[in-house]
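Participant: how would this look folded up:
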Amino acid sequence: MMILQETYHLENGVQIPKLGLGTWFIDDDKAAKAVRDAVKVGYRLIDTAQAYGNERGVGESVRTCGLPREELFVTSKVAAEVKTYEEAARSIDETLTKMGLDYLDLMIIHSPQPWAEFRVENRYFAENKEVWRALEDAYAAGKLRAIGVSNFLQDDLENLLDDCRIKPMVNQILLHITNTDKALLDYCRAQGILVEAYSPIAHGEALKNPAITKMAKKYNVTPAQLCIRYVLQLGTVALPKTANPAHMQDNSAVNFQISTEDMRTLEAMEKIKSYGEFDMFPVFSGKPLN
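Facilitator: Below is the predicted model of the structure:
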């Protein structure tokens, strides 16, 4: 079976494709074409965010790609700077309006802190509870089929789990070869939280890594395919970003198996030290994610 046809089940029974299209850094005027191209290849999970500035284009493609709405899984994210109930509730409605959709399949909190304060002393525990309450209410109202978070560490998750009505169903994190937080993966798994891997090709830096390239040759695949297969075998959703139809096709050709021994080798590889231009705005703010 093609990986594009395979799904995981969230805690509430909603099915989510194992491989999706990330749209970060795809301009709004190019997003519609990129998503339509992805749908032609067979992608059904499309990931955007308020911070990406391309929700309008993504929504246009969802409405005009020729598939029934229910065959697509559309995700967006409440902006990291939104930290009150009122702002979060309003932003969810604004996203739906901007995208021209009646509902989203998944909405998540983009970051536990505003990007300018990422991983600083102020953890925004109380504020995240308020944003989470807005997501719970939107879920109860039928605006969202699933709700989750992104870039949350274990204590960020525990903060929500302490008194939430609905558990986070997803935690979307930076996950790739040389950057694998096994403890966080294990914790999410124990809590029934599905992990999504954004930037599984390390913002392209993995393609330049000699050790990854060497391992890819062993399997007669590209470094990108090895990276995507790696996060899939960890039991996570893979969200590679591309606007190139040929890359979309290649990224989905991952029906091979990495051996247990090689998975251990990939997990233990020396960490990629820099993501180049992607170390900075709009997401990283020059601060490391781990």
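Participant: nearest residue to the residue located most distally from the centre of the chain other than its sequence neighbours?
Facilitator: Relative to the centre of the chain, the most outlying C-alpha is that of K218, 28.3 Å out, by Cα atoms, centre = their mean. Spatial nearest neighbour of K218, excluding adjacent residues (Cβ to Cβ, 6 or more residues apart in numbering): D262 at 7.6 Å. (C-beta placed from N, C-alpha, C; glycine too.)
Participant: For burial, what's the neighbour tally of the one you found?
Facilitator: Applying other Cβ atoms under 10 Å, we find 16 residues neighbouring D262.
Participant: Phi, psi for it please.
Facilitator: Dihedral pair for D262: phi -70, psi -30, per degrees, to the nearest 10.
Participant: isn't it right next to M215, touching?
Facilitator: Yes: if you go by Cβ atoms under 8 Å, D262 and M215 touch, sitting 6.4 Å apart.
Participant: between the two, what contacts are shared?
Facilitator: Common contact partners of D262 and M215 (Cβ atoms under 8 Å, 6 or more residues apart in numbering): none.
Participant: Low-confidence stretches in this protein?
Facilitator: 1, 276-290 (pLDDT under 70).
Participant: Tell me the secondary structure at A238.
Facilitator: Of the three states, A238 takes strand under DSSP: H, G, I helix; E, B strand; the rest coil.
Participant: can you give me the strands in the stretch 101-250 of the chain?
Facilitator: 106-109, 147-150, 170-174, 194-198, 237-239 (DSSP state E, counting those that start in this stretch).
Participant: List the strands paired with the third one, with their directions.
Facilitator: Pointing back at strand 170-174 there. Each strand paired with strand 170-174, and its direction, by DSSP bridges: strand 147-150 (parallel), strand 194-198 (parallel).
Participant: Now render the ones you listed as CSV, adding mean neighbour count.
Facilitator: Shown next, in CSV, are the strands paired with strand 170-174 (neighbours: other Cβ atoms under 10 Å):
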stretch, mean neighbour count
strand 147-150, 25
strand 194-198, 24
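Participant: Dump these into a markdown table; add distance to Q5 as well.
Facilitator: Output for the strands paired with strand 170-174, formatted as a markdown table (distance: least, Cβ to Cβ, whole Å):
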| stretch | distance to Q5 |
| --- | --- |
| strand 147-150 | 23 |
| strand 194-198 | 18 |
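Participant: mind checking which of the ones you listed is nearest G66?
Facilitator: Ranking the strands paired with strand 170-174 by distance to G66, with Cβ to Cβ as the measure, places strand 194-198 first at 26.0 Å.
Participant: CA-only coordinates of that closest one in CSV, if you can.
Facilitator: The C-alpha coordinates for strand 194-198 follow below in CSV (Å, rounded to 0.1, in the frame of the first residue of the first chain):
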residue,chain,number,x,y,z
LEU,A,194,0.4,11.3,18.3
VAL,A,195,3.6,13.0,17.4
GLU,A,196,4.0,14.8,14.1
ALA,A,197,7.5,15.5,12.7
TYR,A,198,7.9,18.8,11.0
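Participant: List of residues touching it?
Facilitator: Residues outside strand 194-198 that contact it (Cβ under 8 Å, 6+ apart) are 8, 10, 16, 22, 24, 47, 148, 150, 169-176, 184-185, 188-189, 231, 234-239, 241.
Participant: what does stretch 25-39 give?
Facilitator: Taking Cβ under 8 Å, 6+ apart as the rule, stretch 25-39 contacts 21, 23, 46, 48, 52-58, 60-62, 64-67, 72, 241-243, 245, 248.
Participant: which ones among these are found in strands?
Facilitator: Among the contacts of stretch 25-39, the members falling in strands (DSSP state E) are L21, I46.
Participant: Pull out the buried residues from the contacts of stretch 25-39.
Facilitator: When the contacts of stretch 25-39 are checked for burial by 16 or more other Cβ atoms under 10 Å, the buried set is 21, 23, 46, 48, 52-58, 60-62, 65, 72, 241-243, 248.
Participant: Correct me if wrong: L144 contacts L104.
Facilitator: Yes: the criterion here is Cβ under 8 Å, and L144 meets it with L104 at 5.3 Å.
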